[in-house]
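1. I need the structure of the sequence given here:
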Amino acid sequence: MSRIGKLPIDLPKGVDVHVEPGFVRVKGPKGEMSQHIHRDLEVRIEGGTLNVVRLNEERETRGQHGLARTLIQNMVTGVTTGYKISLDIVGVGYRAAQEGQGLTLALGYSHPVKVDPIPGIEFELEVDARAKVNRIHVKGIDKQKVGQVAANLRGLRPPEPYKGKGIRYVNEVIQRKMGKAGKAGK
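-> Numbering: from 1, shown residues only. All right, here's what the predicted structure looks like:
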């Protein structure tokens, strides 16, 4: 039995779950999400909890059991509290500005980089002039989309190992390199 798959999912108040064969729809205060699940898995709602049960013991079904439970848990969390990933922009002259729903980033290129959010994702910009930090918050109800958009933003200018300039996740530790060493004998 899958250790993850056998755990029940607690359904908070205000969350409605609609189950069809091979399909689960979760609706909550922040929005609505749906997910296809494997044909050999069954979702049962018992009281205030939801359980994912295997109908057979085939290898593929066992592999999908924990995944389906985790995806449903992520949907429940997304429609109740949502997800947020924060990124810091570090470097002299590296800035972010919010234009409507999107962002305009100055990242040391010869042109500003414009980033528009995909549906279901919103950006929030936090600027602290004293700490010289521009912080971008990526918010949404879909964990996968929030993580992918944050990774795409980081990929525009990944942190470099010499000075640490670039876009990094908050609390990300960058392995720093020494740099070029001069001749000591002259």
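2. helices or strands next to the helix or strand hosting V26 in the packing?
-> Using DSSP states H and E, V26 falls within strand 23-28. With contacts defined as 3 or more Cβ pairs under 8 Å, 6 or more residues apart in numbering; DSSP states H and E, strand 23-28 has these neighbours: strand 16-20, strand 31-36, helix 59-80. No exception for glycine: its C-beta is placed from N, CA and C like everyone else's.
3. how about the ones you listed in JSON lines, adding mean neighbour count, distance to R95 and mean pLDDT?
-> Output for the helices and strands packed on strand 23-28, formatted as JSON lines (neighbours: other Cβ atoms under 10 Å; distance: least, Cβ to Cβ, whole Å; pLDDT from 0 to 100):
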{"stretch": "strand 16-20", "mean neighbour count": "14", "distance to R95": "43", "mean pLDDT": "93"}
{"stretch": "strand 31-36", "mean neighbour count": "14", "distance to R95": "31", "mean pLDDT": "95"}
{"stretch": "helix 59-80", "mean neighbour count": "18", "distance to R95": "30", "mean pLDDT": "94"}
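4. about what we covered before: run the angle between the strand holding V26 and strand 31-36 for me.
-> 170 degrees (axes from the mean of the first three to the mean of the last three Cα atoms, to 10 degrees).
5. contacts for strand 23-28 next, please.
-> Around strand 23-28, the neighbours that count as contacts under Cβ atoms under 8 Å, 6 or more residues apart in numbering are 12, 14-19, 32-37, 43, 72, 75-76, 78-80.
6. who does that strand pair up with?
-> strand 16-20 (antiparallel), strand 31-36 (antiparallel) (DSSP bridges).
7. mind putting these into JSON lines with distance to K6?
-> JSON lines is the format used below for the strands paired with strand 23-28 (distance: least, Cβ to Cβ, whole Å):
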{"stretch": "strand 16-20", "distance to K6": "18"}
{"stretch": "strand 31-36", "distance to K6": "19"}
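8. out of everything not next to it in sequence, what's closest to the most centrally placed residue in the chain?
-> Nearest to the geometric centre of the chain sits G147, at 2.6 Å (Cα atoms, centre = their mean). Nearest residue to G147 in three dimensions, chain neighbours excluded: I85, at 6.5 Å (Cβ to Cβ, 6 or more residues apart in numbering).
9. surely that neighbour touches V146?
-> Yes: I85 is within contact range of V146, at 5.6 Å (criterion: Cβ atoms under 8 Å).
10. of the strands paired with strand 23-28, which is nearest G179?
-> In terms of Cβ to Cβ, the element of these nearest to G179 is strand 31-36, at 47.2 Å.
11. which strands or helices does the very next helix or strand once past the closest one pack on?
-> Using DSSP H and E, the next helix or strand after strand 31-36 towards the C-terminus is strand 41-46. Strand 41-46 sits against strand 16-20, strand 49-54, helix 59-80, with contacts defined as 3+ Cβ pairs under 8 Å, 6+ apart.
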